[in-house]
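>>> Quick check, what structure comes out for this input:
(chains A and B)
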Number of protein chains: 2
Amino acid sequence: MKFSIIHTDLETKARVGEIVTGHGIIETPIFMPVGTLGSVKGIHQRELSEDIKAQIILGNTYHLYLRPGLEILLQSGGLHKFMHWDRPILSDSGGYQVFSLSDHCKLTPEGALFKSHIDGSSHLFTPEYVVDIQRIIGSDIMMAFDECVPYPSDYDYTKKSIELTHHWLERGIRHFNGSGRIYDHEQSFFPIVQGSVYKDLRVISAEWVASKNCDGNAIGGLAVGEPMEEMYEMIGIVNQVLPWDKPRYLMGVGTPENILESISLGVDMFDCVMPTRNGRNGMLFTSQGIINIRNEKWKDDYSEVDPFGTSFVDKFYSKAYLRHLVINKEMLGAQIASIHNLAFYLDLVHQSREKIKAGVFPLWKKQMIKLLTQRL
Amino acid sequence: MKFSIIHTDLETKARVGEIVTGHGIIETPIFMPVGTLGSVKGIHQRELSEDIKAQIILGNTYHLYLRPGLEILLQSGGLHKFMHWDRPILSDSGGYQVFSLSDHCKLTPEGALFKSHIDGSSHLFTPEYVVDIQRIIGSDIMMAFDECVPYPSDYDYTKKSIELTHHWLERGIRHFNGSGRIYDHEQSFFPIVQGSVYKDLRVISAEWVASKNCDGNAIGGLAVGEPMEEMYEMIGIVNQVLPWDKPRYLMGVGTPENILESISLGVDMFDCVMPTRNGRNGMLFTSQGIINIRNEKWKDDYSEVDPFGTSFVDKFYSKAYLRHLVINKEMLGAQIASIHNLAFYLDLVHQSREKIKAGVFPLWKKQMIKLLTQRL
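Sure, this is the predicted structure:
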């Protein structure tokens, strides 16, 4: 994996870059649609590449490990072939899901013992095993196994937690270096900075992570309930420590506003279920602001879903039609809203790159945030 | 509306024709995907026209009347504009749904008084009102309001029922002729033959219907539980009475086998929820036979969904991937199966037209039925 910075903003920490992977180039800043179980919910792979213009998608290690399982993934030649997606894939570490979704998760220095939320079966995730799983998934970017502490977590617990995460990171890196790729393409390994909202712990964690000199680095444990200002503060602190010349991935974030603010703090990669999950419930992020399409006011609004939208659904369908579909739980409603929202997110990072290159990012960001946070 | 017969099979009653409507030409025999609430479930209109190659779709009068309702349909300029579909639409009469879906349906000579299955509100469908509703829907082909009797129904009840349906037909035609179209395009009106599985009642009903000299005629009340042989017998009897030079529409039928057999009995138009509803549950109609994709045997079958399939999903996705999606209730599974099945149905009628024109329909039909009814 090769990362080059093409342009940096003079006023903020924003930058435009390019990650070269075995499955092609990713332009940064980038947003990665979430394909939990090997499918971005309600979206054909053709739509992902042609209409949404996704450059990389995310797969969930925890979910893929449980379903379809390692045997099927291995036999099919990895997730790319299984789901027929030939652009890059990032797999998360499973840490977040193990702690939030599974039943009876028990943490030991060895790893995390948990029961599947599907059938209650017992499984042990260790830092080594999580590398093995991601070798089988065959993601272009693998993530280190970490503990993602909830918000709020007290200082002592968080301190002990990052020690565990750092210990796990050592083991993960050793195992990553000692194990080979299974398929033709190269895989990279990203460690994750934790530390909740404690500045000193975030610095310690970022320094530990930075010292490992991996291909890229991630910031985890944010957007889990803490005030937005604290999140931005943590990102700023961590990015002062993380190497400048490696991509920085902010995990699980966020709203369009969060993304623009984080880009200005030097973040390069994002993922979030918000555009698809909220879309399925009728929430649209548009060029004019936020729309709750279930609202009565759209009932007889025959205007386009989003006149400035970039995907085919925006000019094809009307708000009244989309509302009708969403209200009546027609699958097509969820499909339209998901395509719209993802295309909007991908256009947002595309525009960010253009504005950074043109040297007008800070002003543009300010105007956009005002526009995008309006409720229509 | 203009119907021309282009070719007739020498051995069977099968024929190839063309219906010219205000929204373009329909080649017959044709299958019409069902768009209950103004959406063929899980399918974009773009996929419907480009991938499935649907020439006409069906909308349900009962459902559209309840949701989105007449006000929205009228304001948007009819169903075509509301859902953004510029090919022909046929709307059913609502009769079948009023009797099967609604609560407390009460039949009087005036019409059918029923309670909505959505909110329990009371509504009266009369033959005249059903014409008015379909004027607002703006379908290219409207259907007469009829009583669809369940199977089995006794002779006396069925006899009384067709008398009511015939009386309603008179009123419906009078109202149709006395009312004008609301939008730019012309609308046609098809009456429906009923009579359950009683030959003499079917003949009486077909004669009554034929005497009305409408643009086309429909056969209703079949595929409601009667043995398949009785269904074919009724179709044969009715088609001997219905005019040769008008399209014949067999309502709500059926399996690929039913469609091929009915084509050979002189039927020109079909609709059925089977390809989409069964598809959502994992049943695939393929060129090699019927697949239940939920079956364990497809778990590690990495071959294409259907090597002879005509839509993009067939060669793009594997059986193992589709099974994974369907088993885990991922929306994309329902989407893939629905597109596949509908494209298969549209290809089946396309091939039927080609084989009739080539003079090889009977032999081809025999081979196909053997192939298509196999369970893989």
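
>>> quick one: the strands in the stretch 51-200 of chain A?
Using DSSP state E, counting those that start in this stretch, the strands of the stretch 51-200 of chain A run over A:57-59, A:89-91, A:103-107, A:112-115, A:122-125, A:141-143, A:188-190, A:192-193.

>>> most packed of the ones you listed?
Looking across the strands of the stretch 51-200 of chain A with neighbours counted as mean count of other CB atoms under 10 Å in any protein chain shown, the highest average goes to strand A:192-193: a mean of 30. Backbone N, C-alpha and C define where each C-beta goes, glycine included.

>>> contact partners of that one?
By CB atoms under 8 Å, 6 or more residues apart in numbering or on different chains, the list of residues contacting strand A:192-193 from outside reads A:93, A:95, A:143-144, A:146, A:165, A:169, A:202, A:205-206, A:209, A:217-221, A:238, A:242, A:251.

>>> Within its sheet, name the partner strands of that strand and how each one runs.
Each strand paired with strand A:192-193, and its direction, by DSSP bridges: strand A:217-219 (parallel).

>>> mind checking the longest helix of chain A?
Using DSSP state H to define each element, chain A has its longest helix at helix A:331-357.

>>> Name the residues of it that are buried.
Going by neighbour count (16 or more other CB atoms under 10 Å in any protein chain shown), the buried part of helix A:331-357 is A:331-353, A:355-356.

>>> quick revisit: restricted to helices, list the contacts of strand A:192-193.
Per DSSP H, these map to helices at A:G95, A:T165, A:L169, A:R202, A:S205, A:A206, A:V209, A:V238.

>>> Lowest average confidence across the strands of the stretch 51-200 of chain A, which one?
Per-segment mean pLDDT for the strands of the stretch 51-200 of chain A reaches its minimum on strand A:103-107, at a mean of 86.

>>> gap between that one and the chain center?
Its chain's C-alpha centre and that of strand A:103-107 lie 24 Å apart, by CA atoms, centre = their mean, to the nearest Å.

>>> contacts for that strand?
Strand A:103-107 is touched from outside by A:V98, A:F99, A:A112, A:L113, A:F114, A:K115, A:S116, A:H117, A:G120, A:E147, A:L164, with contacts defined as CB under 8 Å, 6+ apart.

>>> swap the cut-off to 10 Å and go again
For strand A:103-107, the external contacting residues (CB atoms under 10 Å, 6 or more residues apart in numbering or on different chains) are A:97-99, A:112-117, A:120, A:122, A:124-125, A:147, A:161, A:164.

>>> middle-most residue in chain A, spatially?
For chain A, A:D271 is the residue whose C-alpha lies nearest the centre (CA atoms, centre = their mean; 1.8 Å).

>>> quick one, what contacts that residue?
For A:D271, the contact set (CB under 10 Å, 6+ apart) comprises A:30-35, A:56-58, A:90, A:92, A:249-254, A:345.

>>> Chain B next: which of those are close?
Residues of these in contact with chain B (CB under 10 Å from any CB of the partner chain): A:G35.

>>> how about TSV for the strands of the stretch 51-200 of chain A, with distance to A:E261 added?
Converted to TSV, the strands of the stretch 51-200 of chain A look like this (distance: least, CB to CB, whole Å):
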stretch	distance to A:E261
strand A:57-59	21
strand A:89-91	22
strand A:103-107	32
strand A:112-115	32
strand A:122-125	32
strand A:141-143	23
strand A:188-190	22
strand A:192-193	18
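
>>> now for these, which one comes closest to B:S262?
Across the strands of the stretch 51-200 of chain A, B:S262 has its closest neighbour in strand A:57-59 (44.7 Å, CB to CB).
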